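Novice: turn this into a model:
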Amino acid sequence: MLFLFAMLLTLWFAPSTLAGEFTGQVVAVLEGDRIEVLHNKRPERIRLSGIDCPEQRQPFGEKATQATSALVLGKEVTLQFHSKEKDRRTAATVVLSDGTNVNHELVKEGWCWWYPKSGPMDKAMKRFESEARTGKRGLWVDQYPVPPWEWQKWRERP
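Specialist: Next up, the predicted model:
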């Protein structure tokens with residue numbers, strides 16, 4: 001009985017596949033760092049790990065969503081799982097069929113912050129963000145860009 005309970009608990013918290021990755025078509029881009037990918041004929045919500053894009057109503061939020069859409073919408077991608085977040089959303093690296101790492105690409109283009117709390121420590125991400133800031137690409141054209149985690153705190157104040 002204890003074994004059965006342990007197995008059910010493992011399945012509950014595990015990514016949708018035990019192998020750690022699957023390939024599917026992107027059917028929706030919800031925000032710059034959130035997409036839906038078909039898996040077993042059902043859309044599965046995925047959060048791109050290691051990045052945090054501006055919220056929809058935040059400056060550059062719509063542009064970040066458009067940038068993600070241009071990269072992945074309607075395309076086959078491979079998801080490499082990292083974790084389940086507290087809201088049960090799967091965090092993953094998204095890779096296009098040509099090998100392009102979408103998470104890296106969005107940081108390089110300047111549409112998000114490198115956010116190591118939501119994914120594995122990736123030293124390249126830090127460099128990509130620094131280069132985007134220096135090159136004033138994407139949201140870095142703003143003199144004082146506000147990270148989404150700070151923007152949300154500000155919005156929650158009474």
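Novice: tell me the bridge partners for the residue positioned nearest the centre of the chain.
Specialist: Residue closest to the average C-alpha location in the chain (Cα atoms, centre = their mean): Leu48, at 1.5 Å. In this structure, Leu48 has beta-bridge partners Ala92, where bridges are defined by DSSP bridges.
Novice: does it touch Asn103 like I think?
Specialist: Yes. Taking Cβ atoms under 8 Å as the definition, Leu48 is a contact partner of Asn103 at 5.0 Å. C-beta here means a position set from N, CA and C on the backbone, and glycine is covered the same way.
Novice: mutual contacts of those two, please.
Specialist: Shared between the contact lists of Leu48 and Asn103 (criterion: Cβ atoms under 8 Å, 6 or more residues apart in numbering) are residues 93-94.
Novice: what ranges do the helices span in this protein?
Specialist: 2-13, 61-72, 102-108, 123-134, 148-156 (DSSP state H).
Novice: want to try a markdown table for these, with mean neighbour count and distance to Lys41 as columns?
Specialist: Compiled in a markdown table, the helices of the chain are given as follows (neighbours: other Cβ atoms under 10 Å; distance: least, Cβ to Cβ, whole Å):
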| stretch | mean neighbour count | distance to Lys41 |
| --- | --- | --- |
| helix 2-13 | 9 | 19 |
| helix 61-72 | 19 | 19 |
| helix 102-108 | 23 | 23 |
| helix 123-134 | 16 | 33 |
| helix 148-156 | 12 | 32 |
